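Undergrad: after the sequence you'll find the predicted model.
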Amino acid sequence: MSFQGRKLTLLLAGFLAVLLPCCGSTETNEPARQEVKGLLYRIRHEDITMYLLGSIHIGNEDMHPFGEAIRQGMGEADTFVFECDTTSWEAAATAMSAMALPEGDMLYDFISPECYALLEEVCRLKGYPVSQMNRLRPWAAMATLSMEATAAEMGVENARKATELGVESNVMDFAGKQRKRIVYLETTQEQLDTLNRLSLPLQEYLLREQLKIILDPSVAKGLEAEIGQWPIFWKSGDAQAFADSYQQGYQDIIAEDELAWADEYHAALATRRNILMADRLDAMMREGGPHAYFVTIGLLHIVLPEDSVLKHMENRGYQVERCN
C-alpha cells in the first residue's frame, strides 16, 4: 500500500510552506552538470500564453539551477500563479488554527491506542515533543512528521532547508524579486478545509502508515519508497515515473477499507481540486490579453494522464504542449 501522506508534498505543493516558511532562493549562477528540465507545459489562447510547471514542494541541490525552458517561461511571464498564499502572516495564522484541535481535545482522543503508541515511539526516537503533537489533528501530525522524514531521505538537513530548495519557493522568490503580479488558485482556507474534511479513519491511516515508515523505511512502496528519486525524476522531466509510482499504490491495495480510503484521498486532494484549478485557469485565459502566465502547481495535478489539470484544459478545447 503506498498512498501515504508524503504525497501531500506533491499534491499540496503550496499549503505545506505555511508550516515551514522559507528564507529565500537557492538559485545559483553556477552551471548545472546536466540541464534541469522539470515538468513544464504551455497553453496558448489567442494572445495569451500560460506556462504550467509541476512542483515538488521540497527538494535538494540537484534540482538547481532551473533549465533554460523554465527560466525563459518565467522571464516571459507578467503574472505568476500559485496554489495558495504561503507567505503572509494571515496564511500562517489560518494554517496554525486549522491544524490545531479544538480547545480541550487531544490527539489521543481521535486515534486508536495502537496508533498513539507508534506516535510515542517515533517521538522518543526523533526527539519530538509528544505534548505538541497532542494538540494537532491527525493529518497535521502526519504532515509535520512527513516533511522531516522526506527531507532526510532527499539528503537535506531539515524540512526548512528542503522547503527552500523546493520548486515553488524558487519560482516565488523570482516573482518577488522581479515585482511580478502574483495570484492564487485557492485560498489557504480552501486547502485546509480539504484536509480537515478527510474522514478520521483516513487521517488515522495516513498517520499510522507514516509512523511505520519512519520506524522501518523498508515497508514503503511506490512513491514512498522512491522519495530519494523524486529530485532525479524531476530533474530529468520524467512525468511517467511519477505517474507510474503513484498508480502502483492502487495496484498494491488488497483490503476493501484501504481501497475506500485511497479513493477518498485521491478524490479530495486530486480529482476535485484538479477541476477547481482548471476552472480558475480557464477563467484567466478568457480574461483577455495580452498576458503571459506562469503557473506552479503540485506535480501530481499534472502527470496523471486521465485525471489532471492538463487533461481538463484539453477537454475545454486548449492545446497543451510540453516545453522540454
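TA: Perfect, thanks for sending it. Numbers count the residues shown, from 1 in each chain.
Undergrad: for the host helix or strand of residue 297, what is the distance to the chain centroid?
TA: Per DSSP states H and E: residue 297 is located in strand 291-298. Averaging C-alpha positions (Cα atoms, centre = their mean, to the nearest Å) puts strand 291-298 15 Å from its chain's average.
Undergrad: likewise for stretch 196-207?
TA: Using Cα atoms, centre = their mean, the offset of stretch 196-207 from its chain centre is 18 Å.
Undergrad: over to stretch 258-275?
TA: That offset, for stretch 258-275, works out to 14 Å (Cα atoms, centre = their mean).
Undergrad: what are the buried residues along that stretch?
TA: Residues of stretch 258-275 classed as buried by neighbour count (16 or more other Cβ atoms under 10 Å): 258, 261, 262, 264, 265, 266, 268, 269, 270, 273, 274. Every residue, glycine included, has its C-beta placed from N, CA and C.
Undergrad: in helices only, show me these.
TA: Counted as lying in helices by DSSP state H, out of these, are 258, 261, 262, 264, 265, 266, 273, 274.
Undergrad: could I get the buried residues of stretch 258-275 as JSON lines with pLDDT?
TA: As requested, those are arranged in JSON lines below (pLDDT from 0 to 100):
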{"residue": "258", "pLDDT": "86"}
{"residue": "261", "pLDDT": "90"}
{"residue": "262", "pLDDT": "88"}
{"residue": "264", "pLDDT": "94"}
{"residue": "265", "pLDDT": "91"}
{"residue": "266", "pLDDT": "92"}
{"residue": "268", "pLDDT": "94"}
{"residue": "269", "pLDDT": "92"}
{"residue": "270", "pLDDT": "93"}
{"residue": "273", "pLDDT": "96"}
{"residue": "274", "pLDDT": "97"}
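Undergrad: out of the residues you listed, who's nearest residue 165?
TA: Residue 165 has its nearest neighbour among the buried residues of stretch 258-275 in residue 269, at 23.0 Å by Cβ to Cβ.
Undergrad: kindly provide the distance from that closest one to residue 261.
TA: 12 Å (Cβ to Cβ, to the nearest Å).
Undergrad: show me the helices in the stretch 1-150 of the chain, by range?
TA: Per DSSP state H, counting those that start in this stretch, the stretch 1-150 of the chain carries helices over the ranges 8-11, 68-76, 89-99, 113-126, 130-133, 138-153.
Undergrad: and what of the stretch 151-300 of the chain?
TA: Under DSSP H, counting those that start in this stretch, the stretch 151-300 of the chain gives helices at 159-164, 167-177, 188-196, 200-215, 222-225, 230-236, 239-251, 256-266, 272-285.
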